[in-house]
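Visitor: the sequence isn't on hand, but the structure is:
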């Protein structure tokens, strides 16, 4: 994505991580406000232990996650495909996919374990745009559809059904996804 395209996409949003809205919750030491996250998003390496399980089966346990931070959203953790339990992810060929103005086109995945299927429980970017190429070797999941943990803390799902943010005690909001938040 060119700098002009970034600027046009950024202009669509009222908040871009430079200032907090009046309704932002205050954070304390050890917490991050989702309103301080940038737009366009920032991608960081995260060495904390991340575990994802479904139907009592551990799908992945890694210390090689990438954490995507974007204004008004809980972080999204991207996990290395090379470390996932074999045959636990299946591309959902019925799903149309979705489009992110920053990362490009996403494809959806179902998580499979013990003859159970969590349909459209995850996604990946087969050809992510610059500067997000690193997530091309990764996938993410919706914490409301499979069990996710960051350093032993159970992750809660972001409000709504579309966004895949990972809510932990280290962040404060409010964040987009719920009713009335589409303009954030």
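Guide: Received the coordinates, thanks. Here the structure is a predicted model, which is why all the values come from computation and not from measurement.

Visitor: just the pLDDT at the residue lying farthest from the centre of the chain, thanks.
Guide: In the chain, counting by Cα atoms, centre = their mean, residue 115 sits farthest out from the average C-alpha position, at 26.1 Å. At residue 115, the model reports a pLDDT of 94.

Visitor: repeat for residue 161
Guide: 83.

Visitor: residue contacts, it?
Guide: The neighbours of residue 161, taking Cβ atoms under 8 Å, 6 or more residues apart in numbering as the test, are residue 144. C-beta: built from backbone N, CA, C; applies to glycine.

Visitor: where does the chain dip in pLDDT?
Guide: 1-3, 5-7, 9-10, 95 (pLDDT under 70).

Visitor: residue nearest the middle of it, spatially speaking?
Guide: The centre of the chain sits closest to residue 76, judged by Cα atoms, centre = their mean, with a distance of 2.3 Å.

Visitor: picking up where we left off before, from residue 51, how far off is the residue farthest from the centre of the chain?
Guide: According to Cβ to Cβ, to the nearest Å, residue 115 and residue 51 sit 22 Å apart.

Visitor: hmm, who's touching stretch 13-29?
Guide: Residues outside stretch 13-29 that contact it (Cβ under 8 Å, 6+ apart): 10, 33, 35-39, 71-72, 172-174, 183-184.

Visitor: that older thread, would you confirm that the residue nearest to the centre of the chain contacts residue 65?
Guide: No. With contact defined as Cβ atoms under 8 Å, residue 76 does not count as touching residue 65 (10.0 Å).

Visitor: burial check on residue 66, number of neighbours?
Guide: Residues contacting residue 66 under the criterion other Cβ atoms under 10 Å number 20.

Visitor: ok, back up a step: give me phi/psi at the residue nearest to the centre of the chain?
Guide: Main-chain dihedrals, residue 76, degrees, to the nearest 10: phi -110, psi 130.

Visitor: any shared contact partners between residue 76 and residue 65?
Guide: Counting by Cβ under 8 Å, 6+ apart, nothing touches both residue 76 and residue 65.

Visitor: bridged to the closest residue in space to the residue nearest to the centre of the chain that isn't next to it in sequence, which residues?
Guide: Of all residues not flanking residue 76 in the chain, residue 68 sits nearest, at 4.6 Å (Cβ to Cβ, 6 or more residues apart in numbering). Beta bridges link residue 68 to residue 43, residue 76 when assigned by DSSP bridges.

Visitor: how far away is residue 68 from residue 77?
Guide: From residue 68 to residue 77 the distance is 8 Å (Cβ to Cβ).

Visitor: same thing with residue 26?
Guide: Distance of residue 26 to residue 77, computed by Cβ to Cβ: 25 Å.

Visitor: list the contacts of stretch 96-103.
Guide: So stretch 96-103 is contacted by 1, 6, 9, 12, 40-41, 70, 105-108, 123, 125, 128-129, 132, 135 (Cβ under 8 Å, 6+ apart).
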